[in-house]
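Enquirer: Predicted model follows, preceded by the sequence.
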Amino acid sequence: MSRSAGMAPAGSGEKVLSLLQGSGGEFVSGAQISRSLQISRSAVWKQINTLRELGYRISAEPSKGYRLESSPDSLLSPQIRQGLKSGVIGRRIVSLQEAGSTNTVAFRLAEEGGEEGTVVVADSQSGGKGRLGRVWVSPPGVNLYCSVILRPPIQPMSAPQLTFLSVVALARAIEQSTGLTPRIKWPNDILVNGKKVAGLLNEMSAETDKVNFVILGIGVNLNMTLDQFPSDLRHPATSLFLESGVTVRRTDFARCLLQELDGIYATFLREGYGPVRGEWLQRSRLAGERVTVSNDGNVTSGVVRGIDEYGALILEGEGGAMVQVVAGDVRLAGD
Amino acid sequence: MDIKDIKLLIKAVTETDITEFEMESGEERIYLKRGHEPQIVQYQAPAAPLYAPSVAPQAAAPSLSAAPAAAPAAAEEKGEKVSSPIVGTFYRAPAPDAAPFVEVGQVVEKGQVLCIVEAMKLMNEIEAEFKCRIVKICRENAEPVEYGDTLFVVEKL
């Protein structure tokens, strides 16, 4: 059973809302809404009250009608879509009050034929997915948890490139929304002042020579406060609010992220991996840095020369030999 | 002997395991040799078996599988291979402390997850493409795998 039904305005509620949102802050008369939607005046009144229960502040004046004063920051599909400038990403948004994991929901939708650009967002996750069974802490009301369905016309071998694409889009969105300058840690951790603010986990369904779909999973700590972090985290973590001191409006952040994803994905389809790789390298600030990579007790060190077409980190070791690193924890030599 | 007889002869030889055939009658001498004899390539150059199977023409295949030296390999190759579509790390279980997705001997349904191959935080769940029994698990948990590496041998059911 979906818990989204009680949260998102459905049917004529959604239509009433979009009329109010489309009025540019002006009053819309009840008669006008009634005429546009072919519903009775009392039905309009009922929908207005339902919207109010959902957290929309709507003022009513007898001679003028209704005016939308403010919307709840509750990640509803119509609110995210309002003003969304995007071609593919977000053309359908599924908004849930709670999901086990948005990745799991998106994966199932994709298996059922869900189109490219479909986005699943949830207010909270009861089982936010991390790597290898780890959990992404996902309390309600404060953060963004979303998953995006892509169906890129590429070989499965090249699909790891999308890992770099999604983290670059997220870095852009964080920079635009907060003014903070995040740093990307290879391959796709994102750090603000050295602490982790987001978790990205991608899942693929593929055949030998064809990608069926890829799910980009993105969890961002927007307004989480210190007391909401568990004490046994593997890495120091933070939220954008804790680092900037400013509350981030979730709906605005979601819209910004989807737009950035849309833009960089269009570039990727048009020009390939090159621009993604270039921006990733710039935002990682790793080029030319001396790093050590530890992986299960094996330590490799060298100077970062770039990432290859599959995302492997290229290190120049002693004597100029080039080494490709495909897994491990990267640290700057000075840290 | 005219061309028709030679064709018949070639056909007759091809239907057996014979790789070389010589015949003399009167003024005529017929000598037939089939394929590139890949097992000889392997004996002479064991370090370079890579190109032998892929370059050897199809006609050579029957003689290879019929050769006693190749027989154990042929038995092992019985069944279908499930190979990795990406370069990454092979995981037999969804989490380090969880039970493996499958074990040898287990019968799995079409669409059931066999393993995960992870590359750059992209998790690729490899599913059974048909109902099958797991004959062999070819890689260890958390081992790096290359594109095209065989991960499982399965028997189609």
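Expert: Nice, thanks for sending it over. All values reported here derive from a predicted model rather than from experimental measurement.
Enquirer: quick one: the helices in chain B?
Expert: B:3-14, B:38-44, B:51-55, B:61-66, B:71-76 (DSSP state H).
Enquirer: and what of chain A?
Expert: In chain A, the helices defined using DSSP H lie at A:12-21, A:30-37, A:41-53, A:77-81, A:102-111, A:161-178, A:240-244, A:250-271, A:274-284.
Enquirer: angle of the first one against helix A:30-37?
Expert: Okay, so that is helix A:12-21. If you take axes from the mean of the first three to the mean of the last three Cα atoms, to 10 degrees, helix A:12-21 sits at 120 degrees to helix A:30-37.
Enquirer: And helix A:12-21, what does it pack against?
Expert: Under the contact definition 3 or more Cβ pairs under 8 Å, 6 or more residues apart in numbering or on different chains; DSSP states H and E, helix A:12-21 sits against helix A:30-37, helix A:41-53, strand A:65-70, helix A:77-81. For the C-beta atoms, the positions are set from N, CA and C on the backbone; glycine is no exception.
Enquirer: of all the ones you listed, which lies closest to chain B?
Expert: Among these, the nearest to chain B by Cβ to the nearest Cβ is helix A:77-81 (25.0 Å).
Enquirer: Just the mean pLDDT for that closest one, thanks.
Expert: Helix A:77-81 carries an average pLDDT of 88.
Enquirer: Name the surrounding residues that touch that helix.
Expert: Helix A:77-81 is contacted from outside by A:8-9, A:14, A:17-18, A:21, A:71, A:90, A:93-95, A:121, A:251, A:254-255, A:258, using Cβ atoms under 8 Å, 6 or more residues apart in numbering or on different chains.
Enquirer: again with stretch A:54-67
Expert: So stretch A:54-67 is contacted by A:7, A:9, A:17, A:20, A:23, A:25-33, A:48, A:51-52, A:68-72, A:74, A:76 (Cβ under 8 Å, 6+ apart).
Enquirer: and the residue in the stretch 51-200 of chain A that chain B sits nearest to, how many neighbours does it have?
Expert: In the stretch 51-200 of chain A, the residue that lies nearest chain B is residue A:133 (2.3 Å; Cβ to the nearest Cβ). By other Cβ atoms under 10 Å in any protein chain shown, 13 other residues sit near residue A:133.
Enquirer: OK, contacts around it?
Expert: By Cβ under 8 Å, 6+ apart, the neighbours of residue A:133 are B:94, B:95, B:96, B:97, B:98.
Enquirer: Now restrict these to buried residues only.
Expert: Neighbour counting by 16 or more other Cβ atoms under 10 Å in any protein chain shown classes residue B:94 among the contacts of residue A:133 as buried.
Enquirer: so which of the contacts of residue A:133 also contact chain A?
Expert: Near chain A, taking Cβ under 8 Å from any Cβ of the partner chain as the test, the members of the contacts of residue A:133 found are B:94, B:95, B:96, B:97, B:98.
Enquirer: So which of the residues you listed is the closest to residue A:294?
Expert: Among the ones next to chain A among the contacts of residue A:133, residue B:96 lies closest to residue A:294 (Cβ to Cβ), at 17.7 Å.
Enquirer: Relative to residue B:99, how far out is the closest residue to the closest one other than its chain neighbours?
Expert: Spatially, and ignoring its direct neighbours in sequence, residue B:96 is nearest to residue A:132 (6.2 Å; Cβ to Cβ, 6 or more residues apart in numbering or on different chains). Distance, residue A:132 to residue B:99, using Cβ to Cβ, to the nearest Å: 14 Å.
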